[in-house]
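> Here is a sequence with its predicted model. Questions after.
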Amino acid sequence: MSVPVALIGYGYAGKTFHAPLIEACPELALQLVVSSDAAKVHADLPHVQVVASVDQALNDGQIALVVIASPNDSHFPIAQAALRAGKAVVVDKPFTLTLAEAEALVALAAERGLLLSVFHNRRWDSDFLTLCQLLATGRLGPLHRIQSRFDRYRPEVRQRWREQAGAGSGLWFDLAPHLLDQALLLFGPPARLWADIRTVRAGAETDDEFLAILDYGLLRVEIGASMLCPQPAPRWQVTAATGDYRKQLTDPQEGRLKAGERPSGARWGSDEDAGLLTLIDGDAPLYQSLAQLPGSYPAYYAAVAAALTKGGANPVSGAEALAVMQWLELGYRSARDGRWVTAADLGRT
């Protein structure tokens, strides 16, 4: 028996990521979409019911899982209402606008005994899975610096809510949750963080470039993104005592989903852009091409389905989602105050 699902929102995230990935999971059944544009939804999903209001979805007794892919400032109120209606919930990143909102949702889900998960799909990027495997081997030796970036070249400001002034907009809220989540998975919480969050494009109304440094003692992890980068930096650059690793391009799954491909077949998630591993052996460097493990965004919803039907683990737990929100909020504080911040700063004004 498939789990009945309602998808809230059919903008970029709902159309490109959530709907195709839910449809690709046999244990889930997308039955209902909340959207003001039924024709747009039915062009892709003719079999799905479309309703105009969130309340209609939450009052549907058949729906067991609500997936929230609406604008960021709506995440908290919709998730809260869905949990109070007895629904399991998946929220697109960022989880909420504030740490306090995130904590309230995690507490409510625990009180009601309901699944609450956040869509940190970049855990299943080909490049991240490959890097995890490489670091587990210890071949690079002690790490000194990791640079992790998402760069784009979009000099023209587009008329969409993510690039307009308002709560929840901007590049820090859009891409930093992915980069922070990956760093926290690899190394846990840093000792301190410094962030510079800027607006650089002409006519931009919100931040469109950032750089943050997570301090782990001898290791520093630099995360960054820019909307004004004609020649993107490598997706990953890892510098270590006895070697270096570089991966230029990002995982191709988002591009394939945007192009209308659907997750199926053994080739889904394949990444032909190999990484370059440099190992120092005496005075002569040894260069090796490192094939990428396949990415697998469908693994997220497969794990959600298993958690709901078989008692499996939540693929992104409440504690993990809160950790991302903590450092997301601390990044804003660092940029505002122009200083390093630590976890102790969470309790200060």
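Good, I have the coordinates. Numbering: from 1, shown residues only.

> CA atoms for contacts and neighbours, from now on please.
Fine.

> where do the strands sit along the stretch 51-200 of the chain?
65-68, 88-92, 116-119, 143-151, 192-198 (DSSP state E, counting those that start in this stretch).

> and the next element down the chain from the last one?
As assigned by DSSP states H and E, the chain's next helix or strand after strand 192-198 is strand 209-216.

> Tell me which other helices or strands that next one touches.
Counting contacts by 3 or more CA pairs under 8 Å, 6 or more residues apart in numbering; DSSP states H and E, strand 209-216 packs against helix 171-187, strand 192-198, strand 219-226.

> What lies in contact with it?
The contact list for strand 209-216 (CA atoms under 8 Å, 6 or more residues apart in numbering) reads 171-172, 190-200, 220-228, 331.

> Stretch 286-306 now?
3, 21-22, 24-25, 27-28, 119, 121-122, 124-127, 129-130, 251, 253, 263, 268-280, 312-315.

> let's see 6 Å
Contacting residues not belonging to stretch 286-306 are listed as 21, 27, 121, 124-126, 130, 269-270, 274-279, 312, 315 [CA atoms under 6 Å, 6 or more residues apart in numbering].

> of those, buried ones?
21, 27, 121, 124-126, 130, 269-270, 274-279, 315 (16 or more other CA atoms under 10 Å).

> what two of these have the greatest distance between them?
Spatial extent of the buried ones among the contacts of stretch 286-306 (CA to CA) is set by the pair E27 and L279 at 44.3 Å.

> Mind pulling up the pLDDT for G141?
We have a pLDDT of 90 for G141.

> any idea how far the nearest residue to A274 once chain neighbours are set aside lies from H120?
Leaving aside its sequence neighbours, A274 sits nearest to A291 (CA to CA, 6 or more residues apart in numbering; 4.8 Å). Noted for A291: a distance of 24 Å to H120, by CA to CA, to the nearest Å.

> got it, and I22?
Counting by CA to CA, the gap from I22 to H120 is 15 Å.

> returning to that earlier point: sort out for me which of the buried ones among the contacts of stretch 286-306 are in helices.
21, 126, 130 (DSSP state H).

> Same list, the residues you listed, but as CSV with pLDDT please.
Output for these, formatted as CSV (pLDDT from 0 to 100):
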residue, pLDDT
L21, 98
S126, 98
T130, 98
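
> my read is E254 is in a helix, agree?
Yes: assignment of E254 by DSSP: H, G, I helix; E, B strand; the rest coil places it within a helix.

> count of neighbours near it?
Neighbour count of E254, defined by other CA atoms under 10 Å: 17.

> ditto for Q164
Counted with other CA under 10 Å, Q164 comes out at 17.

> Hmm, E205 and it touching each other?
Yes: with contact defined as CA atoms under 6 Å, Q164 counts as touching E205 (5.4 Å).

> Comparing A291 and H120, which shows the higher neighbour count?
Between A291 and H120, H120 has the larger neighbour count (other CA under 10 Å), namely 22 against 16.

> Next, the more buried one: phi, psi?
phi -90, psi 70 (degrees, to the nearest 10).

> So for it, what's the pLDDT?
We have a pLDDT of 98 for H120.

> gap between it and L279?
Distance check for H120 against L279: by CA to CA, it reads 32 Å.

> Also A107?
In terms of CA to CA, A107 sits 47 Å off from L279.

> Distance-wise, check D127 relative to H42.
According to CA to CA, D127 stands 34 Å off from H42.

> The two: which has the busier surroundings?
In this view D127 and H42 are compared by other CA under 10 Å, and D127 has more residues nearby, 28 against 14.

> can you tell me which residues contact the more buried one?
Per CA under 6 Å, 6+ apart, neighbours of D127: none.

> Pull the number of nearby residues for R162.
Residues lying near R162 (other CA under 10 Å) number 21.

> For the residue nearest to R246 when sequence neighbours are not counted, what are phi and psi?
Spatial nearest neighbour of R246, excluding adjacent residues (CA to CA, 6+ apart): Q237 at 4.5 Å. Per-residue torsions, Q237: phi -140, psi 120 (degrees, to the nearest 10).

> now do the one 10 residues further on
As for K247, its main-chain torsions (degrees, to the nearest 10) stand at phi -130, psi 120.

> Make residue 1 into 837 and carry on from there
OK, 837 is where the count begins now, so the last one is K1083.

> I figured it hits G1111, correct?
Yes: when contacts are counted by CA under 6 Å, K1083 is listed as touching G1111 (4.4 Å).
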